[in-house]
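S.K.: Here is the input, now give the coordinates:
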Amino acid sequence: MTRLTHLTSRNFLIALHDVLATTAALFAAFYVRFEGGDGFFQRLPVLFQILPYFLALSVVVFFLFNLTTTKWRFISLPDALNIIRAATVLTL
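M.R.: This is a model prediction of the structure:
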């Protein structure tokens, strides 16, 4: 794991991108799960209450699994396994 003192502005931009992608994925998952319409819009207040905590947790999980500190030119099998592990932790 990389220490916080070794993080660069590039790492913070990667983390920001990951947070935005996580937000979009969460809204898309809610939309698909509750079939758009009224079910989705009725649950939006709950989503907005949960969202800040979930995003904070996702930043910590992404950092612990080294997703914000690796170079993403090409993806390798260990990188793919880290992504699956992080997604599994966030899903639980």
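
S.K.: Please point out which parts of stretch 31-47 sit buried.
M.R.: The neighbour-count check on stretch 31-47 (16 or more other Cβ atoms under 10 Å) flags Phe34, Phe40 as buried. Just so you know, the C-beta spots here come from the backbone N, C-alpha and C atoms, and that holds for glycine as well.

S.K.: Quick one: mean pLDDT over it.
M.R.: When pLDDT is averaged along stretch 31-47, the result is 86.

S.K.: show me what contacts Phe30?
M.R.: Counting by Cβ atoms under 8 Å, 6 or more residues apart in numbering, Phe30 makes contact with Phe40, Arg43, Leu44, Leu47.

S.K.: Which residue, neighbours along the chain excluded, lies closest to the first one?
M.R.: Sequence neighbours aside, Phe34 is the residue nearest to Phe40 in space, at 4.3 Å (criterion: Cβ to Cβ, 6 or more residues apart in numbering).

S.K.: Equivalent analysis for the last one, please.
M.R.: Setting aside the residues directly before and after it, Leu47 is nearest to Phe30 in space (Cβ to Cβ, 6+ apart), at 5.7 Å.

S.K.: Then the second one?
M.R.: Leaving out its chain neighbours, the residue that sits closest to Arg43 by Cβ to Cβ, 6+ apart is Phe34, at 5.9 Å.

S.K.: Give me the distance between the one you found and Ala28.
M.R.: Per Cβ to Cβ, to the nearest Å, Phe34 is found 11 Å from Ala28.

S.K.: same check, this time on Leu64
M.R.: 24 Å.

S.K.: Next one: Ile83, what pLDDT does it get?
M.R.: 80.

S.K.: most distant residue from the middle of this protein?
M.R.: Asp38 (26.1 Å; Cα atoms, centre = their mean).

S.K.: Secondary structure class of that residue, three-state.
M.R.: helix (DSSP: H, G, I helix; E, B strand; the rest coil).

S.K.: Now find how far off-centre stretch 15-34 is within its chain.
M.R.: 8 Å (Cα atoms, centre = their mean, to the nearest Å).
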